[in-house]
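Chemist: would you be able to build a 3D model of this:
(2 chains)
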Amino acid sequence: SQELEQSPQSLIVQEGKNLTINCTSSKTLYGLYWYKQKYGEGLIFLMMLQKGGEEKSHEKITAKLDEKKQQSSLHITASQPSHAGIYLCGADISGGYQKVTFGIGTKLQVIP
Amino acid sequence: DVKVTQSSRYLVKRTGEKVFLECVQDMDHENMFWYRQDPGLGLRLIYFSYDVKMKEKGDIPEGYSVSREKKERFSLILESASTNQTSMYLCASSQQYNEQFFGPGTRLTVL
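Modeler: Just a heads-up that it's a prediction; the model follows:
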């Protein structure tokens, strides 16, 4: 089983709709990172969360880390075709040399 | 802008060949990482380095070795390529306890 579980694994939404992607662990997340990946390309950093209860926003994307630091959510408001891609969460669950464990990813398609 | 570059976007090799994948970063980052990404398995850490000449095994180091002779360069070596090493290879770098910056990836096919 994955140490970081992402849900859903894939998502198809209509343009303009809101959506949420979740990232859950049974271990404490010392640092939680959200990335976006276009098919066949590298990962683009979106946001980093470190403190329990922390919330960050960038344009129409908001990420939160729960108080217990075991779950994070990524929320996209009024989705656009440019939001399509694979969203990955990554976290330092060892508290060591920033060895990051990644979830499998959530594939997002936005239909015009 | 932070830049992480990888020597090739696509590579085709034959079974048994020695393969070198090069990664260069221009941000003076201490940490560098090599991952492979496979459908259904996600990103898996092969090796990482937190300093020149230092290396640590990741989750799947078997069949791979690495070299970091200079701070900006981290090489991944497949001593004898096998078909099960066909994958997307991603390099990343970071400052201590900060986000990782990724290269564009190398799609390696071993025939």
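Chemist: can you list the residues of chain A near chain B?
Modeler: Neighbours of chain B within chain A, by CB under 8 Å from any CB of the partner chain: A:2, A:31, A:33, A:35, A:40-45, A:48, A:88, A:90, A:97-105. Where you see a C-beta, it was placed from the backbone N, CA and C, and this is true even at glycine.
Chemist: now, those residues that are in strands?
Modeler: Counting by DSSP state E, the part of the residues of chain A next to chain B found in strands is A:31, A:33, A:35, A:43-45, A:48, A:88, A:90, A:100-102.
Chemist: most neighbours among those, which one is it?
Modeler: Within these, neighbour counts (other CB atoms under 10 Å in any protein chain shown) peak at A:Leu43, which reaches 30 neighbours.
Chemist: do you know the pLDDT at that one?
Modeler: Per-residue pLDDT puts A:Leu43 at 93.
Chemist: cool, and B:Gly42?
Modeler: pLDDT, B:Gly42: 88.
Chemist: wait, isn't it in contact with A:Lys107?
Modeler: No. B:Gly42 sits out of contact with A:Lys107 when judged by CB atoms under 8 Å, with a separation of 12.0 Å.
Chemist: more neighbours, the two?
Modeler: Applying other CB under 10 Å to B:Gly42 and A:Lys107 shows that B:Gly42 carries more neighbours, namely 20 against 16.
Chemist: identify the bridge partners of the more buried one.
Modeler: B:Asp38 (DSSP bridges).
Chemist: so what's it up against?
Modeler: A:2, A:88, A:102-105 (CB atoms under 8 Å, 6 or more residues apart in numbering or on different chains).
Chemist: 10 Å - rerun?
Modeler: Contact analysis of B:Gly42 by CB atoms under 10 Å, 6 or more residues apart in numbering or on different chains lists A:2, A:4, A:6, A:86, A:88, A:90, A:101-105, B:35-36.
Chemist: widest-spaced pair of the residues you listed?
Modeler: Farthest pair in these (CB to CB) is A:Gln6 and B:Arg36. Separation: 18.4 Å.
Chemist: ok, back up a step: quick check: neighbours shared by B:Gly42 and A:Lys107?
Modeler: A:Ile86.
Chemist: following element in sequence after the one helix or strand in chain A whose mean pLDDT sits lowest, please.
Modeler: Using mean pLDDT, DSSP states H and E, strand A:100-102 stands out as the lowest-scoring helix or strand of chain A, at a mean of 90. Per DSSP states H and E, the first helix or strand lying C-terminal to strand A:100-102 is strand A:106-111.
Chemist: for A:Glu15, report the pLDDT, please.
Modeler: 97.
Chemist: then the one 3 residues further on?
Modeler: As summarised for this prediction, A:Asn18 has a pLDDT of 97.
Chemist: for chain B, see how far away it is.
Modeler: In this view, A:Asn18 and chain B are 25 Å apart by CB to the nearest CB, to the nearest Å.
Chemist: leaving aside the residues next to it on the chain, what's closest to that residue?
Modeler: A:Thr77 (5.3 Å; CB to CB, 6 or more residues apart in numbering or on different chains).
Chemist: go through stretch B:77-87 and flag the buried ones.
Modeler: Of the residues in stretch B:77-87, B:78, B:81, B:85-87 count as buried by neighbour count, 16 or more other CB atoms under 10 Å in any protein chain shown.
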